[in-house]
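[1] here are the coordinates; sequence isn't available:
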């Protein structure tokens, strides 16, 4: 199925927004909303890194646990995590216990702080790839939506050059969709027009 799906409440949504109430709320309230806050962007990128090889609903269900375990994604605190702290996180059943991803999050926090200290900021570094404006795609079917793009490859390359981990082009494109850098709600989804309008308000 490629088109937007009519839900029991009479609203059409992107096909990936299943009947799971948590997923529906995420689709209706967060996904595709343009985000310019440095720390919020960092949090979402880290969660997308943990998603690698997993489904997003798995991460969404554990998001509150991740926030608690990772100091509510305060980069300054995460950057100071010691090997002992990493071992404690490896014992936390509430998160994804993957050592490479956990240490990657610590390295990414340090990279984030360097960017914040040395330039216009993390948000500006990301958004400059789109000249500061969300790209309003007008896809009618899911099969038209790419898994990566020229922009996501460029963003991935820059992030990797700064020392970020788990930021390949596919992960970055999913991140860009989620934080509204691209509006990939299907045109028949009720959120497409809303997110397009929000993008104009920046």
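    Perfect, thanks for sending it. No experiment lies behind these values; they were computed from the predicted model shown. Numbering: from 1, shown residues only.

[2] where's the one helix or strand in the chain whose mean pLDDT sits lowest relative to the chain centroid, distance-wise?
    In the chain, no helix or strand scores lower on mean pLDDT, DSSP states H and E than strand 5-6, which sits at a mean of 90. Relative to its chain's centre, strand 5-6 lies at 24 Å (C-alpha atoms, centre = their mean, to the nearest Å).

[3] again with stretch 194-201
    Distance of stretch 194-201 from its chain centroid, counting by C-alpha atoms, centre = their mean, is 18 Å.

[4] Other residues contacting the least confident helix or strand of the chain?
    12, 13, 14, 15, 17 (C-beta atoms under 8 Å, 6 or more residues apart in numbering). All C-beta spots, glycine's among them, are computed from the backbone N, C-alpha and C.

[5] For residue 192, the count of nearby residues, please.
    22 (other C-beta atoms under 10 Å).

[6] Could you say which helix or strand holds it?
    Assessed by DSSP states H and E, residue 192 sits inside helix 190-200.

[7] tell me the mean pLDDT over that helix?
    For helix 190-200, mean pLDDT rounds to 92.

[8] same thing with stretch 146-156?
    On average, stretch 146-156 scores 97.

[9] before we move on, what about stretch 38-55?
    When pLDDT is averaged along stretch 38-55, the result is 95.

[10] Now do the buried residues in it.
    Going by neighbour count (16 or more other C-beta atoms under 10 Å), the buried part of stretch 38-55 is 38, 41-52.

[11] what does stretch 193-202 give?
    Buried-residue list, stretch 193-202, by 16+ other C-beta under 10 Å: 195, 196, 198, 199.

[12] How many residues are close by residue 137?
    18.

[13] Give me the distance between it and residue 7.
    Going from residue 137 to residue 7 by C-beta to C-beta, to the nearest Å gives 22 Å.

[14] Low-confidence bits of the protein, can you list those?
    Low-confidence segments of the chain, defined by pLDDT under 70: 1, 202.

[15] Where do the strands of it begin and end?
    Applying DSSP state E to the chain gives strands spanning 5-6, 12-13, 135-136, 182-183.

[16] Relative to residue 76, which of these is closest?
    strand 182-183 (29.6 Å; C-beta to C-beta).

[17] chain center to the closest one, what's the gap?
    12 Å.

[18] do stretch 6-22 as well
    20 Å.
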